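Undergrad: Sequence plus predicted model, see below.
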Amino acid sequence: MGDQSNSAMATMATKICNQISTIFTKPTLGPSPLTLLVDQISETSAQKGQIFVYGVGREGLMLKALCMRLAHLGLSAHCVFDMTTPPIGPTDLLIASAGPGGFATVDAICGVAQSKGARVLLLTGQPQSGSCVKYANFVAHVNAQTMADDRDEGHVEGSRPLLPMGSVYEGGLFVLFEMVVFMLGDVLGESAESVRARHTNLE
């Protein structure tokens, strides 16, 4: 029974990972999100600037995970709304996500960041129709299903998709951010040991 259960679990996991990986073979509008993120974070680091992240729901959780790893890389990285988040300014970068194209809170925070002179990099699955795009200096197109198009052609009424709503986009962000962290390690000259040394020991 255990072997059958493990086999079924492995099959489901493979299907999920394959579905997420396909988004990286799709064309994007503009530069690749990986290139944009690595270039803009590297530039911010070179200018001794700070990096801020913001997203709602599960997108926000993916960005918090990125923020943690940016701190491990030795960067000044902060989650918007944390009690210790400093003010944003002209040398800084806000990385925000709006998978379906726009959220009122994301629009507002991107607008404030721009008004303070910071650069805004927006991750989205809807680069042509989203309300957040007008507040972005850079738009990273993550070509994945979000809640804006999860009921489009191909959806079978009454069926339960393996990855519903925005799960493909959110899973794609996790994979994308792991690639970003790996490449930044080379760009910033950080070793596995130096990254590990910055992990909290208050656990």
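TA: Sure thing, it's come through.
Undergrad: burial measure for residue 62, as a count.
TA: Using other C-beta atoms under 10 Å, residue 62 has 24 other residues around it. In short, each C-beta sits where N, CA and C put it, glycine included.
Undergrad: Can you tell me, leaving aside adjacent residues, what's nearest to it?
TA: Leaving aside its sequence neighbours, residue 62 sits nearest to residue 173 (C-beta to C-beta, 6 or more residues apart in numbering; 4.0 Å).
Undergrad: buried set for the strand or helix carrying residue 182?
TA: Assigning secondary structure by DSSP states H and E places residue 182 in helix 167-188. In terms of neighbour count (16 or more other C-beta atoms under 10 Å), helix 167-188 has its buried residues at 167-173, 176-177, 180-181, 183-185, 188.
Undergrad: Need the residues that contact that helix.
TA: Applying C-beta atoms under 8 Å, 6 or more residues apart in numbering, the external contacts of helix 167-188 come out as 16, 19-21, 23-24, 33-34, 37-38, 41-42, 45, 58-59, 61-63, 65-66, 69-70, 73-75, 97, 99, 123, 125, 142, 144-146, 163, 190-192, 195.
Undergrad: out of the residues you listed, which are inside strands?
TA: Using DSSP state E, the subset of these located in strands is 97, 123.
Undergrad: Show me which of the contacts of helix 167-188 are buried.
TA: Buried among these (16+ other C-beta under 10 Å): 19-20, 23-24, 33-34, 37-38, 41, 45, 58-59, 62-63, 65-66, 69-70, 73-75, 97, 99, 123, 125, 142, 144-146, 163, 190, 195.
Undergrad: Identify those among those residues that sit within helices.
TA: 19-20, 33-34, 37-38, 41, 45, 58-59, 62-63, 65-66, 69-70, 195 (DSSP state H).
Undergrad: center of the chain - which residue?
TA: residue 173 (4.3 Å; C-alpha atoms, centre = their mean).
Undergrad: Roughly how far does it sit from residue 95?
TA: 11 Å (C-beta to C-beta, to the nearest Å).
Undergrad: Could you pull out the residues contacting both of these two?
TA: 63, 123.
Undergrad: For stretch 106-119, what does the pLDDT average out to?
TA: Averaged across stretch 106-119, pLDDT comes to 98.
Undergrad: before we move on, what about stretch 12-26?
TA: Per-residue scores along stretch 12-26 average to 96.
Undergrad: what's it in contact with?
TA: Residues contacting stretch 12-26 (C-beta under 8 Å, 6+ apart): 142, 143, 144, 162, 163, 168, 169, 171, 172, 175, 176.
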